[in-house]
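> 3D model of this:
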Amino acid sequence: LIESNTCKSLNCFFHIFLSLIQPTQSQGCDGILCVLTEKIDAQLLEAAGPNLKVVSTMSVGFDHLSLDELKKRGIRVGYTPDVLTDCVAELTVALLLATSRRLIEATHEAKTGGWGTWRTLWLCGHELANSTVGILGLGRIGVAIAERLKPFKVKKFIYTDVAPRPELANMIEAEYVSFDELAKQSDFLAVCCALTQETHGICNWNLFSKMKKNAIFINTSRGGVVNQEDLYEALSTGLIAGAGLDVTTPEPLPTHHPLFTLKNCVILPHIASASYTTRNAMSALAANNLLAGLRGEPMPKELKL
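You can find the predicted model right below:
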């Protein structure tokens, strides 16, 4: 429990949730500052009581928040879009290259004595030049990824979303296609959609079975959009060439999980926004959202419920 000088004038206190906290610890709070690992659900909100005015999450995603419950109680919600777009796009490109060019596998070989004489097809991967890049969920981050991939001489960008997004698509000259066509045409498929009821588990056998054998699947959105059992089967049987994941279900992913046994699966510990610049900006924006909400003022970035 932290008392803020700004909040003193309002006679309020707020919790900062940086690890799992019991709902009873939210009792009497006027505001909650949380991160994406915290579940802000009916149980916690009920325990917090009627004083709670605002929840500010240090994330652009909000699938960990029970929005219906927050709306029902008239609690305002702040979040941190925009400030992490560049950082996430950079990490997505890095993960795509690490996966497609088998960099983690190559590093292991160099360290463990596998580097012998030059071999024609040893550790060959897939290049971006003349490829088709698909984007599932075209938003700010999807556009930023495409902008960074253009210099690699990508031949074509395609995307699918709940509806065509011509203004964003025109920025990167991307073509709107159906979900099935996205799977069939993409040499590289980057998942950038939010986790919702509609997108939960959308990347499953139905998607993987339609993809090319040389396709690379990249997910830096939320782990819940992927059926990991289906992904394991697709990777282990050679149905697709590789996958790079910055997000999983659960997080952290248990070290004995089958995906860790695969050489063609690169798994990162959810670090897409992990730059000093971005995390500082996210922290400041989350705090300013919270304080503005407690004062009854417009938030810098408020989620409209």
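
> Which residue, neighbours along the chain excluded, lies closest to the residue nearest in space to the middle of the chain?
By CA atoms, centre = their mean, the chain has its centre lying nearest to Ser221, at 2.4 Å. Once flanking residues are discounted, Ser221 sits nearest to Val191: 5.0 Å by CB to CB, 6 or more residues apart in numbering. For glycine as for every other residue, the C-beta is placed from the backbone atoms N, C-alpha and C.

> Would you mind listing the residues in contact with the one you found?
Listed by CB atoms under 8 Å, 6 or more residues apart in numbering, the contact set of Val191 reads 136-137, 203, 217-221, 225-226.

> surely Val35 meets Val60?
No: with contact defined as CB atoms under 8 Å, Val35 does not reach Val60; the gap is 11.8 Å.

> Please say which of these two ends up with more neighbours.
Val60 (22 against 16; other CB atoms under 10 Å).

> pretty sure that one is in a helix, no?
No: counting by DSSP: H, G, I helix; E, B strand; the rest coil, Val60 is not part of a helix but coil.

> That one contacts Pro81, correct?
Yes: here Val60 reaches Pro81: they are 4.6 Å apart, a contact under CB under 8 Å.

> Contact partners for the residue lying closest to Asn264 once chain neighbours are set aside?
Leaving aside its chain neighbours, Asn264 sits nearest to Gly242 (4.2 Å; criterion: CB to CB, 6+ apart). The contact partners of Gly242, by CB under 8 Å, 6+ apart, come to 99-100, 102, 126, 216-217, 235, 264-266.

> What pLDDT does the model give Gly242?
According to the prediction, Gly242 has pLDDT 98.

> what residue ranges in the stretch 1-150 of the chain are flagged as low confidence?
1-25 (pLDDT under 70).

> what ranges do the strands span in it?
14-16, 31-34, 54-57, 76-78, 132-136 (DSSP state E, counting those that start in this stretch).

> Now tabulate these in a markdown table and tack on distance to Glu173.
Formatted as a markdown table, these follow (distance: least, CB to CB, whole Å):
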| stretch | distance to Glu173 |
| --- | --- |
| strand 14-16 | 43 |
| strand 31-34 | 38 |
| strand 54-57 | 34 |
| strand 76-78 | 34 |
| strand 132-136 | 12 |
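
> Need those in CSV (columns: distance to Pro166 and mean neighbour count).
CSV is the format used below for the strands of the stretch 1-150 of the chain (distance: least, CB to CB, whole Å; neighbours: other CB atoms under 10 Å):
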stretch, distance to Pro166, mean neighbour count
strand 14-16, 41, 21
strand 31-34, 35, 25
strand 54-57, 30, 28
strand 76-78, 29, 23
strand 132-136, 14, 26
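
> For Asp180, which of these is the nearest?
Across the strands of the stretch 1-150 of the chain, Asp180 has its closest neighbour in strand 132-136 (11.4 Å, CB to CB).

> mind listing what the residue of the chain most remote from its centre touches?
Relative to the C-alpha centroid of the chain, counting by CA atoms, centre = their mean, Thr117 is the outermost residue, at 39.8 Å. Thr117 makes no contacts at all, as judged by CB under 8 Å, 6+ apart.

> Please apply the same query to Leu149.
Counted by CB under 8 Å, 6+ apart, Leu149 has contacts 93, 96, 128, 133, 157.

> And for His256?
With CB under 8 Å, 6+ apart, His256 has no contacts at all.

> so it is in which element?
Assigned by DSSP states H and E, His256 belongs to neither a helix nor a strand.

> Then Pro298?
Per DSSP H and E, there is no helix or strand for Pro298.

> Make 7 the starting number, not 1.
Understood, numbering begins at 7; the last thing we discussed is Pro304.

> ok, for it, nearest residue in space, not its chain neighbours?
Counting by CB to CB, 6+ apart, the residue nearest Pro304 is Ala298, at 6.5 Å.

> contacting residues for that neighbour?
84, 304-306 are the contacts of Ala298 under CB under 8 Å, 6+ apart.

> Ranking by neighbours, what's the top pick from these?
Gly84 (25 neighbours).

> Was I right to think it contacts Asn295?
Yes: at 2.7 Å, Gly84 counts as touching Asn295 under the criterion of CB under 8 Å.

> For the closest residue in space to Ser65 that isn't next to it in sequence, grab the count of nearby residues.
Take Ser65 and drop its neighbours on the chain: the residue closest to it by CB to CB, 6+ apart is Leu42, 4.2 Å away. For Leu42, the neighbour count with other CB under 10 Å is 19.
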